[in-house]
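In: Next input, structure requested:
(3 chains)
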Amino acid sequence: METVLISPAKAWILGFIPTMFFSLIIPIIGVACFTYIIAKRAAPLVRSKPDPRLDNITDRVFNMLKFAFAQYRQPRYMLAGVLHIVLFAGFMILSLRSITLVILGLKDGFVLPGLGGAAGHVYSILKDIAATAVFLACVVGMVRRGIFRPERYNVPKKYGKDHTSEAVFVLMLITTLVTCDMIFDGTLAAAQMQKGLPSEFLLPGMGAWLAAGMLSCTNLSTLQNLHLGSFFLHNLVFFFFLCFLPMGKHFHVITSIPNVFFMKLKKGAIKPVQWGVEENKLDELKSFGVKKFEDFTWKHMLDFYSCADCGRCSDQCPANAVKRPLSPRFISIKCREYAFKNYPIRGDMTPQDEHLIGTILSEDEIWSCTTCGACEAECPIFIEYIDKVVDLRRGMVDEGLVPQSLQKPLKALEKRGNPWGKMEKKRAEWTKTLPETCEVKLFENGDQAQTLYFVDSISSYDDRMQNIARATACLLSAAGEDFGILGKDEKDSGNEIRRFGEEMLFQDIKSQNTEAILGAGVQKIITADPHAFNTLKNEYTGLPPVEHISQTLTRSIKEGRIHLKSVEDETKVYTYHDPCYLGRHNGIYEDPRQALDAIPGLKRVDMLKSRDRSFCCGGGGLMLFYEPEEEQRMGVLRVQMASEAGANVIVTACPFCLVNMEDAIKVAGLEGKMEAIDLCELIERHLETT
Amino acid sequence: MTQPIFAYISHKNGTADDSAFELIVAAKKIDPAAAVTAVVCGAGAELDAVCSTMAAVYPDVWKVSNPALAYPNAEVLRGVLVSILPAGAITLAPHDTFGMDLSPGLSIKLNAAFVPDVVGIEGIDGANLKTIRQEFGGQVSTHVLCDISAGAVLNVRSGCFLSDDSKASGSVTDKSGQAGDCKAKRRFLEVVAAEVGDVDITKSDVLVSVGRGIEDQENIGIAQELADTIGAVVSCSRPIVDAKWLEKARQVGTSGKTVKPKVYIALGISGSFQHLGGIKGNPFMVAINKNPKAPIFQVADIGIVTDLLEFVPELTDKIKEMK
Amino acid sequence: MEILVCVKRVPDTAENEIVVNSKGTDIERGDLVYSVNEWDNYAVEEAIQIRDNAGGSVTVVTVGDGDAEEILRREMAMGADKGILLSDDAFNGSDGKGIAAILKAEIAKGQYDLILTGAQADDGAAQVGGMLAAMLDMPYASLVNKIEIVSDKVIKIGREIEGGNQEMSEIDLPCVLSIQTGINEPRYVGIRGIRKVASVEIPVHGAGDLGIAAGSVGAAGARVKRVDYFVPPMGEGAEMLEGSTDEIAEKLIELLKSKGGIK
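Out: Predicted coordinates for the structure are as follows:
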């Protein structure tokens, strides 16, 4: 095509400097700087702990396509999500254009392979649309961040400075990039038109078309200058942008796709103390957990780099909601800033041999986490928090930094296998008040059965929660299960012990339980405690299949082994509270709901926050022994949510949720207006006995 | 038996401690016929005031006056007692933070047997004195035999031997000359007063006191509401303060405040002696506890075995209704 | 500073009812678990903190049978440098003075600037520290809840006294202090910590090693003997209110009113 304007590859500045020189020097310097910066950023990762993430490649590729390229989790926050999808899709399309532009400076008339001919024209139109859409998205973004300032992006004083200016600056860079592109195309089209020559089709209404229109009466020499100016400004900004990304939260533009590819695949299980070290070799490790920064795995460091500071984790975090000193977002940001400080782009690396706790993180902050997983369920790029929190706790436990209130239950667990220090022989005492129709076998007495009912500590010992154990036993009995319990041979499942960083105690208790369970010779394990369910299923090895009672119930109802009578009180409105360790960590959302819906006449509503957005009750296990500074109890917020949903009965499927809900109802002053009940208790009450 | 009995008199600001009136009761339990001497150490007019109070209770009062004794430093007083007490004597002291400091070492220096924290005395059996002590936070008691042939030092728990209004017209003997140099390797500097909270539990006639049985910080509201309804103040036992659920200023007990209310309602308090040691004046005590074997039921006037978390709100509602 | 801490292994009785055996000679120990006396744990933590600031070493010592070694390891896992077990059949049945005499014999073999004990134990009498000091002719302070090192000759201490007040004194070294809970926040010791010191050798010293004449300690030398255990009659004094919640509440209200408990 004959062109009126001199192309960047052929132009001269001041008559003696070929612009080709700039076309060459900008990319060379840009790429060199970028390579240098990335090498610097990679430095801490090289010194990190191992983390094998190359298994299940097919799953990983699929996840990458779904969550990175298709941005699957973005629309969970609708406006921000859609804006991001526009920007991301635009970036994908425009990245080809940017590469083309860089090469166009060196080789006139360059087109990317495959984009010649018709495809090229289609791409050209697509690119026009993308550039315009990105432009608009940036403007909306700038207005939103600069003027409306959503709460989620606020940076409380204690966490450092606000990030709005960085966000707006980057949006301006992007706007500049697409505007340059529009002007580059627009000037050429305007010049061609002035000469009556054909030009590339510009989609009416798009940015380049508008630019061409506005510039249609501009004289040729100005057009020529604008054409070249916008070209080089684009290239300059492009490479500046590239090198600017790794300086802050926009590093995610580069790291989030690999971050999603390397995501954690096995939910529900805490990472081992150190990858590659067998459980029976743990004694050989000199140190446990994360103490200094380099104790993190490379993937966890990549997480820090990848955090886009979108604030969704903290927005969903129950600890943050009740103003505990924890905001998952700032764990990432503080750690990233720490990495940047000690591994600077310019100057020497200064890895610090200091404990992160007490420098950038605080003990209370790390103990505040209930490991509910709401943050991880929300993060669009799958940043992990639970494993990091547990690793940090392992480090604290190894140093003896354990809150006084947790030391007694941990010691009691070591000595007696339950956090209250109650006698082992009393573990089966709850069976003494069972109705005669319900028989519970005791493996310790040499009884034989097909199924093990794993009761766990709280349902064995707590006066109130023993009722759940009894209801569960009655239901199993009604469903015709041939089952027994371990009695004094059962120890705490250890789910919380592990999450509180006391790995060796967990290993100890796990092997005792494993031996007892295998000794019982059962085909199946059923438990009504989601915490026990989680660890038995995901963290114990070599056990028979484990299921939660809600699964057993739903199956028994479907198979007609359990019949339910009409709901006792038709005026009641029920809502189901998803326990974290049943829902988010194990994906069981439907079974308990189906079991509830099987009660004829039962009216059920879902809370706004339900299923994978369920709001933690305040935590189970050892969390009952530790209360960080907080303005409110999580349970109270949760009970209010149930109230807002129009419910007056909260049904849970976890003894810890029940403890917290019942407490919260009292604290919220909703006694008489709201009640909490376990799924098993409710179903047992509605058993049709024939 | 011919062993003389001596009672160490604690006093402050010219006033004898409650224990001074209880030790003579304990002494009579050992041997109703024994000669019991009060040993009062101190300085100045305050000492004289205490000596004359004691002369109305004990048949004999030994006075040791020395400026170095103005503050009761157990390290100094031990030396004084070793100097003045005759061999083979039986010495009684209160089992409080002073007595715990003084007596174990005193028994060694006097080559006498030592029984701390005596809650009961059953009398003499040959060369042995039979006493009662408690172990495991008062959950079990034991009979303890103590060979008193070479003398003994007994630390007596406060409140276990209630004053019987003993009257005497004793004489005061000044033993200051035998007291030695009154020096020790531990030198008293000052007393740092406990932080004063926003409430003064010592000024209230009615206390609603919470212990471990309250289970959770949130439940303290239950006690507070009862207290508000009956016009009482909320106090607590040590575990509640250790858990930081209430401030130190509300703690009743030997390591907390000493209170003298008219009515004391103990919610979920097991009744360790450290706690009971902070309750003086024999108030009307109501104990509400889940555990029927809680030691508090032995000292309370009224006991209710129930879950306080359920019972107390109902009680509060009933009182409100009544009003 | 060379610090010795005397520790004791006691049954952990916080959560479980203590039952006296049928003959009344002892409590039922079959179902009990044992651990280091809570007060002693604070004493060891304090010793470790002093050592970490002022240098020196921390030795933990206990009088007991072979099982007592477990608590020495726990305290060594906490950070104590050395453990010594004083064990001999002749020690069985010692009274407080006997225990103090055994400890004194061990202490006389070393050079210690500071000797710490717990202020009391659940099954004890808060006596050994004071006796030990008297036997060693060292100054003593009980219920210590603050230690400030002034020099290698003298330290400043706070004692917890009535009313939550704190009595501050100066005390010359060497001295014996009994430590009250709350003086610090003892660090956690997990299984891992204990395993790390599992193979450290713990010397065992018997009566012969210590030059203690048999008969001067143990049951033979005891002038104070526990005769029996019994559960004091319950409800002594307390009138137990029974009946429905309503009835109890009404009765209680009446009683409280008559005693001036309701204003």
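In: Give me the neighbour count for whichever residue of chain B sits closest to chain C.
Out: Nearest to chain C in chain B, going by Cβ to the nearest Cβ, is residue B:104, at a distance of 2.8 Å. From N, CA and C alone the C-beta is placed, and that goes for glycine too. By other Cβ atoms under 10 Å in any protein chain shown, 30 other residues sit near residue B:104.
In: ok, so what distance separates it from chain A?
Out: Per Cβ to the nearest Cβ, to the nearest Å, residue B:104 is found 29 Å from chain A.
In: quick one, what contacts the residue of the stretch 151-300 of chain A found nearest chain C?
Out: Chain C sits closest to residue A:283 of the stretch 151-300 of chain A, with a gap of 5.8 Å, by Cβ to the nearest Cβ. Neighbouring residues of residue A:283 by Cβ atoms under 8 Å, 6 or more residues apart in numbering or on different chains: C:192, C:195.
In: likewise residue C:2?
Out: C:56, C:57, C:59, C:110, C:111, C:112, C:113, C:114.
In: hmm, try it at 6 Å
Out: Applying Cβ atoms under 6 Å, 6 or more residues apart in numbering or on different chains to residue C:2 gives the contacts C:56, C:57, C:112, C:113.
In: Over to residue A:611?
Out: Taking Cβ under 6 Å, 6+ apart, one finds A:578, A:589 in contact with residue A:611.
In: Excluding chain neighbours, give the residue nearest to residue 195 in space.
Out: Here I'm looking at chain A. Distances taken as Cβ to Cβ, 6 or more residues apart in numbering or on different chains place residue A:4 nearest to residue A:195, at 5.0 Å, with adjacent residues excluded.
In: that's the wrong chain, I wanted chain C
Out: The spatially closest residue to residue C:195, leaving aside those adjacent along the chain, is residue A:283, at 5.8 Å (Cβ to Cβ, 6+ apart).
In: Wait, a helix at that neighbour?
Out: Yes: assessed with DSSP: H, G, I helix; E, B strand; the rest coil, residue A:283 lies in a helix.
In: what's around residue 178, how many residues?
Out: All of this is about chain A. When neighbours are counted by other Cβ under 10 Å, residue A:178 comes out with 25.
In: I was thinking of chain C, sorry if that wasn't clear
Out: A count of neighbours around residue C:178, defined by other Cβ under 10 Å, yields 30.
In: do the same with residue A:484
Out: A total of 23 residues lie near residue A:484 under the criterion other Cβ under 10 Å.
In: give me the number of residues near the closest residue to chain A within chain B?
Out: Going by Cβ to the nearest Cβ, chain A is nearest to residue B:218 of chain B, at 5.1 Å. Counted with other Cβ under 10 Å, the neighbours of residue B:218 add up to 17.
In: Can you give me the buried ones in the helix or strand encompassing residue A:192?
Out: In this structure, residue A:192 is located in helix A:164-194 according to DSSP states H and E. Residues of helix A:164-194 classed as buried: A:166-168, A:170-171, A:173-194 (neighbour count, 16 or more other Cβ atoms under 10 Å in any protein chain shown).
In: And the buried ones among the contacts of residue C:2, selectable in PyMOL?
Out: Here is the PyMOL selection string for the buried members of the contacts of residue C:2, based on 16+ other Cβ under 10 Å:
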select buried, chain C and resi 56+112+113
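In: Take the contacts of residue C:2 and keep only those in strands.
Out: Judged by DSSP state E, the subset of the contacts of residue C:2 located in strands is residue C:57.
In: any chance of the contacts of residue C:2 in CSV, plus distance to chain A and pLDDT?
Out: CSV is the format used below for the contacts of residue C:2 (distance: Cβ to the nearest Cβ, whole Å; pLDDT from 0 to 100):
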residue, distance to chain A, pLDDT
C:56, 20, 96
C:57, 19, 97
C:112, 25, 97
C:113, 25, 97
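In: For residue C:8, state which of the contacts of residue C:2 is nearest.
Out: residue C:112 (18.1 Å; Cβ to Cβ).
In: show me the contacts for that closest one.
Out: For residue C:112, the contact set (Cβ under 6 Å, 6+ apart) comprises C:2, C:4.
In: Grab the nearest non-local neighbour of residue A:73.
Out: residue A:380 (4.3 Å).
In: And residue A:438, by the same measure?
Out: In space, residue A:438 is closest to residue A:477, 4.4 Å off (Cβ to Cβ, 6+ apart).
In: Would you mind listing what in chain A touches chain C?
Out: Counting by Cβ under 6 Å from any Cβ of the partner chain, the residues of chain A close to chain C are A:283, A:397, A:400, A:402, A:404, A:407, A:415, A:420-423, A:502, A:504-505, A:508.
In: of those, buried ones?
Out: A:397, A:400, A:402, A:407, A:420, A:421, A:422, A:423, A:502, A:504, A:505, A:508.
In: quick one: which of these sit in helices?
Out: Counting by DSSP state H, the part of these found in helices is A:397, A:407, A:504, A:505, A:508.
In: Check the residues you listed against residue C:192 and report the nearest one.
Out: For those, the nearest to residue C:192 is residue A:504 (4.3 Å; Cβ to Cβ).
In: Can you give me every residue that contacts residue A:512?
Out: By Cβ under 6 Å, 6+ apart, the contact set of residue A:512 is residue A:491.
In: pLDDT below threshold where in chain B?
Out: B:1-2, B:195-198, B:273 (pLDDT under 70).
In: Can you show me the helices along it?
Out: Counting by DSSP H, the helices of chain B are B:18-30, B:44-55, B:74-84, B:97-109, B:220-230, B:238-242, B:273-276, B:296-299, B:308-322.
In: between the ones you listed, which one is nearest to residue B:171?
Out: helix B:44-55 (6.9 Å).
In: In which helix or strand does the residue in the stretch 1-150 of chain C positioned nearest to chain B reside?
Out: Closest contact between the stretch 1-150 of chain C and chain B, by Cβ to the nearest Cβ, is at residue C:130 (2.8 Å). Residue C:130 is part of helix C:128-136, with elements assigned from DSSP H and E.
In: quick one: the nearest residue to the residue of chain B closest to chain C once chain neighbours are set aside from residue B:116, how far?
Out: Leaving out its chain neighbours, the residue that sits closest to residue B:104 by Cβ to Cβ, 6+ apart is residue C:130, at 2.8 Å. Taking Cβ to Cβ, to the nearest Å as the measure, residue C:130 falls 9 Å from residue B:116.
In: wait, isn't the residue of chain B closest to chain A in contact with residue A:667?
Out: Yes: look at residue B:218 against residue A:667 with Cβ atoms under 6 Å: they come within range, at 5.1 Å.
In: quick one, which of the helices of chain B is packed in tightest?
Out: Each of the helices of chain B was assessed for mean neighbour count using mean count of other Cβ atoms under 10 Å in any protein chain shown. The highest is helix B:97-109, with a mean of 27.
In: elements contacting that helix?
Out: When contacts are defined as 3 or more Cβ pairs under 6 Å, 6 or more residues apart in numbering or on different chains; DSSP states H and E, helix B:97-109 packs onto helix B:74-84, strand B:152-156, helix C:128-136, strand C:140-149.
In: Is it correct that residue C:5 falls within a helix?
Out: No: counting by three-state DSSP, residue C:5 is not part of a helix but strand.
In: Tell me how many other residues crowd it.
Out: So residue C:5, with other Cβ under 10 Å, has 28 neighbours.
In: what sits opposite it in the beta ladder?
Out: Residues in a beta bridge with residue C:5, per DSSP bridges, are residue C:60, residue C:116.
In: My read is that it contacts residue C:44, right?
Out: Yes: at 5.1 Å, residue C:5 and residue C:44 qualify as touching, with contact defined as Cβ under 6 Å.
In: any idea which element the residue nearest the centre of chain A lies in?
Out: Nearest to the mean C-alpha position of chain A, by Cα atoms, centre = their mean, lies residue A:376 at 1.8 Å. Residue A:376 belongs to helix A:374-378 when assigned by DSSP H and E.
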